[in-house]
Structures are given as structure tokens and as C-alpha cells.
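# Just need the structure, nothing else, for what follows:
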Amino acid sequence: MDNRFRTYSFLIAAALFISFSFILVAFAQKKAFQTDTAASCITSSCHAAMGKKKHIHQPAGSGEGCAICHEVLMKGEHGFKLQTSAPELCYQCHENKADKKFKHTPVQQGMCLSCHLPHESDNKRLLIMPAIDAQCFTCHDENTFKGSAPHTPVSEGRCIDCHSPHSTDNPKQLVKPVLDLCLECHNRDMKDTKGVTLPSTKNAHTGKGMILHKPFAEGKCIDCHYPHPVKEYRRLKGSYPEEFYTSYSEGSYSFCFKCHQGIKKAFKEPRTLSGTGFRNGNLNLHYRHVTRAKGRTCKTCHEHHGSRNPGLIRDAFSFGNRTLAIKYEKTETGGSCAPACHTSVKYDRCSPEDNMILTTPREGGDAVMEELKKSCEKEKK
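All right, here's what the predicted structure looks like:
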């Protein structure tokens, strides 16, 4: 008896709900808002607030262009539908924004209104948010764009200086190929956040007689640098010492060793006949310069972008507030170096030079002439 009562009660309630719904629909139809659908949509009594903001979409400016986007359902009644859906509706006036190889996801999916307001906005480009980066951060995680090594366009919220918000023929929505984009700003001497002068990267790339670091020559700036802020020195994609002096460890130079695997041996053995060309006989000069408590970092002697000297050797290096010349010359089997830190010193792999210079004790023993002869013959082959 109880079960049948519950069933009857449910059926009665359902019937009443359906009937009430039909009554509401009929009432709404009878009470449809009457209006002159041929008149302007913006009057003192209709959409009066429209057209008051700083940036107004042209069709919405006067109230006469509403029918460009909105279709009247029934003459004399306030009922409308869009002429067609986005993005086709937008492309009736605006050029196709998804016509290039790499498309921003909302553009690819026709989600124009996820970034832009259709009628008016106080923000440029009819954006929903007041700033470009704020608009981007509605989808992209803001925390991933923070770091102790800032990049000026990012820290200033200039996302579209580098990225197209719609579509582009370059990966990562870049507005230009990587090298062209980087050199557009890095075309002059600049100062970092500590006041250190960074020489023009463009001059390093285009200068006459320059020998270029391979990834830089190929325009692969982002093989080495993160374009957005990170914690690493110079936004490098790996560890590298920021200081002039540092105690050597393989981990400290993980960035360099990502490519220069073969040079690791040069920092491990005080004597070698093959680990490096920078040696006097078998005395490993890379080891003596780098592997000590006050070892010199790679950037002391080597340019990271380009140099006019073989081996990317610098013309000068910074030491504190001073700039010191290196004066390097290369020979077929060695060379000479006369930096401000010591007098002119020569080195030769095949015929060791005897330099009159006070040095710390040298580990290991000198190679005999027969060993040097064999190693030099092997090099020539």
C-alpha cells in the first residue's frame, strides 16, 4: 500500500511540474518584450549604457550596426540570435587569424571571446583584462614566468613583442625566427641588473671576421637560454658559475658539458697527451687554469657567442671594474698568451716551452720526447 501511494504521488507531482512548465512558456510568449526592431538599439531606454567605454567595437558604436552580428527572430519583438557562430562571424569583417602554421589554442578552437569583448572595453584591442600579460595569465600559469634572472619583455608584460596571440609560421607562436627576434633588441650594448655591460649580440653575429659558437651561428639562442625568467645565471639551461673564480666541479659546468662532453677529460688530469690542445708538452694548461680552489671560469678566456680569435678566445676579460687585455696568438702546435695576470707565456704541444715564470708545483712528470713525437704525429693524421 505504501509503495503504491509513493508511486501515485510521484506521478501526480511529475504531471503538475510538466503542466506548470507549459504554462510558464505560454506566459512568457504572451509577455514577449515588444520593440521597434528597425530602430537603433541604443536609446535612453534600451542599452543606454552601451558605447560609453574607451574602446568600442565599430558595429556597436551607434546602435545601427547591431544587425551585422545579431539577427532578429521576429519583427517587433526583442528576440535575437547571432548571424553565425564565432569565428566565422568575426571573419566576416576581420581577416582570418588562424591561417598560419602554428595556431594559439583559443584561435584554433574559434574562442575569440575568451580574450576579446564583442561590444566595448576600457582595454586596448577590446581585451577582457586590462593588460596583455594579465590576459595571458588567465590561461598560462603566472608563477612559471617568475625568476631571479628576469627577461625585460617578460617582466614588463610585453608578451606580444615576441609571441603572436593568434597564429604564426614560427614555432612557439613567435612573431619572427628566433635569431631575428633576439637581435631585434640585443642590437646594442646593454647593462644587466647589476650594472655589468653586455656587448651587442648583433655585433658578435654580424661582425667582420667573427668566428661563431656553433649554436649561435645557427641561430639557436634558445638551445642555451631560457627566454622567460628562471633562477639560473643569464637564464642558461643548466648550471654555470656566475663568479670569476670558482672551485671546479663537474656539476658547476653542467651547462657547458651538455655539448662539450669531450672536454671533461681536460679538467680531470694534470698531465695528458690527448685530452686538450691547450698544453705545454703533456702539461695540461686547462687543468692548471680551472681545477683549483680559485679556478677561472670558462668565460674568463672564451667568448660564448663569437670572437675573432681561434678557440673563441677573448680579446679582453672583465675583472672587477677593470677590463684586462689577453693578447693571444695561436701557432700550429701551440700559442702564446700575455694577459694582465701574468707575463707573456708560450706553450707548445710538441716542443715544450721553458717559460721564466714563477708557478705553483706541477703535478705529475714531463713526457719524454718520444711520447711527444708520437702524439704530435697522431694529431697531424
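# how far does stretch 46-53 stretch from start to finish?
By Cα to Cα, to the nearest Å, the extent of stretch 46-53 from end to end equals 17 Å.
# same question, stretch 289-303
Using Cα to Cα, the end-to-end distance of stretch 289-303 comes to 16 Å.
# And for stretch 273-293?
First-to-last residue span, stretch 273-293, Cα to Cα: 24 Å.
# For that stretch, buried residues please.
273, 275-291 (16 or more other Cβ atoms under 10 Å). From N, CA and C alone the C-beta is placed, and that goes for glycine too.
# Pull the residues that contact that stretch.
247-248, 263, 265-272, 295-298, 300-301, 334, 346-349, 352-353, 355, 362, 364, 366-367, 371-372, 375, 378 (Cβ atoms under 8 Å, 6 or more residues apart in numbering).
# how about residue 157, phi and psi?
With angles defined as degrees, to the nearest 10, residue 157 sits at phi 70, psi 30.
# quick one: what helix or strand has the closest residue to it other than its chain neighbours in it?
Nearest residue to residue 157 in three dimensions, chain neighbours excluded: residue 133, at 3.4 Å (Cβ to Cβ, 6 or more residues apart in numbering). Assessed by DSSP states H and E, residue 133 sits inside helix 132-136.
# pLDDT on that helix, on average?
Mean pLDDT, helix 132-136: 95.
# got the contact list for that helix?
Helix 132-136 is contacted by residues 115, 127-129, 145, 157-160 when judged by Cβ under 8 Å, 6+ apart.
# one more time with 7 Å
115, 127-129, 157-160 (Cβ atoms under 7 Å, 6 or more residues apart in numbering).
# picking that back up, mind listing which of the buried residues of stretch 273-293 are in helices?
Of these, the ones assigned to helices by DSSP state H are 285-290.
# Let's test this: what are the backbone torsions at residue 265?
Per degrees, to the nearest 10, the backbone of residue 265 is at phi -60, psi -30.
# got a list of what it touches?
By Cβ under 7 Å, 6+ apart, the contact list for residue 265 reads 272, 275.
# try it again with 6 Å
Contact analysis of residue 265 by Cβ atoms under 6 Å, 6 or more residues apart in numbering lists residue 275.
# From residue 286, how far off is it?
Distance from residue 265 to residue 286, counting by Cβ to Cβ, to the nearest Å: 9 Å.
# and if you look at residue 267?
Residue 267 is 6 Å from residue 286, by Cβ to Cβ.
# Can I get the helix or strand containing residue 254 in PDB, CA atoms only?
Residue 254 is part of helix 254-257, with elements assigned from DSSP H and E. Listed in PDB are the C-alpha atoms of helix 254-257, where the atom choice follows Å, rounded to 0.1, in the frame of the first residue of the first chain:
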ATOM      1  CA  SER A 254      76.700  21.000 -16.400                       C
ATOM      2  CA  PHE A 255      75.500  23.600 -18.900                       C
ATOM      3  CA  CYS A 256      78.800  23.500 -21.000                       C
ATOM      4  CA  PHE A 257      79.100  19.700 -20.700                       C
END
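# List the contacts of it.
236, 238-240.
# And the furthest pair within the residues you listed?
236 and 239 (7.9 Å; Cβ to Cβ).
# just to revisit the earlier point, take the contacts of helix 132-136 and, keeping just the buried ones, write it as a PyMOL select command.
Listed next is the PyMOL selection for buried residues among the contacts of helix 132-136, using 16+ other Cβ under 10 Å:
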select buried, resi 115+127+157+159+160
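# hmm, which two among the contacts of helix 132-136 are most spread apart?
The span of the contacts of helix 132-136, defined through Cβ to Cβ, is set by 128 and 158 at 18.5 Å.
# sorry, back to before: tabulate the contacts of helix 254-257 (CSV), appending neighbour count, distance to residue 95 and pLDDT.
Shown next, in CSV, are the contacts of helix 254-257 (neighbours: other Cβ atoms under 10 Å; distance: Cβ to Cβ, whole Å; pLDDT from 0 to 100):
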residue, neighbour count, distance to residue 95, pLDDT
236, 19, 40, 93
238, 14, 42, 90
239, 16, 46, 91
240, 20, 45, 92
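# Of those residues, which belong to strands?
Using DSSP state E, no member of these falls in strands.
# Closest one of those to residue 53?
residue 236 (44.7 Å).
# ok, that closest one - contacts?
Contact analysis of residue 236 by Cβ under 6 Å, 6+ apart lists residue 255.
# buried subset of the contacts of stretch 273-293?
The buried subset of the contacts of stretch 273-293 - by 16+ other Cβ under 10 Å - is 248, 263, 266-267, 269, 271-272, 295-298, 300-301, 334, 346-349, 352, 367, 372, 375.
# Keep only those of those that are in strands.
Per DSSP E, those map to strands at 295-296, 334, 346-348.
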